[in-house]
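Undergrad: Please work out how this folds:
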Amino acid sequence: QVQLVESGGGLVQAGDSLRLSCLASGHTFSSYALGWFRQAPGKEREFVAAIDAGASYTPYADSVKGRFTISRDNAKNTVYLQMNSLKSEDTAIYFCAASSHPFSVDYHYPYWGQGTQVTVSS
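TA: The predicted structure is shown next:
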């Protein structure tokens, strides 16, 4: 079992950067893959990025590739999402999730945080 708490969201302007954090509880954080997903108003939740337990595999959605970077610090039980060159279309609630593998579909993730709002003004 793992509990996840996101932080770092906020209101920024287009072109700005923001770093999201997701703090996990539990003693087995290092064995989990972590993913970031987002959901914009009126849209389905979509995959953003994921990272495997060893931080050696990091898939990204095409829409964020080259702008977002996922990383993890197992000593701090934390996964990060560095978001650069933000666009208005990045506005969404961002969720982190934990699973056995870095899947790109949300139904493979049994553990979820409550989400953090990111709003990008143009």
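Undergrad: what about the strands in the chain?
TA: Assigned by DSSP state E, the strands in the chain fall at 4-7, 10-13, 18-24, 33-39, 46-51, 68-73, 78-83, 92-99, 111-112, 116-121.
Undergrad: which helices and strands sit right next to the fifth one?
TA: Think strand 46-51. strand 33-39, strand 68-73, strand 78-83 (3 or more Cβ pairs under 8 Å, 6 or more residues apart in numbering; DSSP states H and E). Any C-beta I mention is one placed from the backbone N, CA and C, and that applies to glycine too.
Undergrad: what do you get for the longest one?
TA: Other helices and strands packing on strand 92-99, by 3+ Cβ pairs under 8 Å, 6+ apart, are strand 4-7, strand 18-24, strand 33-39, strand 78-83, strand 111-112, strand 116-121.
Undergrad: And the pLDDT at S63?
TA: Note on S63: pLDDT of 98.
Undergrad: since we're on it, how many residues are nearby?
TA: The number of residues packed near S63 is 14, by other Cβ atoms under 10 Å.
Undergrad: Just list the residues touching P59, thanks.
TA: 49-50, 102, 104 (Cβ atoms under 8 Å, 6 or more residues apart in numbering).
Undergrad: do F68 as well
TA: F68 sits in contact with 48-49, 60, 81-84, where contact means Cβ under 8 Å, 6+ apart.
Undergrad: Between the residues you listed, which sits nearest F29?
TA: L81 (16.2 Å; Cβ to Cβ).
Undergrad: Among the contacts of F68, which one is most surrounded by other residues?
TA: Going by other Cβ under 10 Å, L81 tops the contacts of F68 with 27 neighbours.
Undergrad: That one and R72 touch, don't they?
TA: No. With contact defined as Cβ atoms under 8 Å, L81 does not reach R72; the gap is 10.3 Å.
Undergrad: Narrow the contacts of P59 to those that are buried.
TA: 49-50, 102 (16 or more other Cβ atoms under 10 Å).
Undergrad: what's the distance between the spatially most central residue of the chain and H27?
TA: Most central in the chain under Cα atoms, centre = their mean is W36, positioned 2.5 Å from the mean C-alpha point. Per Cβ to Cβ, to the nearest Å, W36 is found 23 Å from H27.
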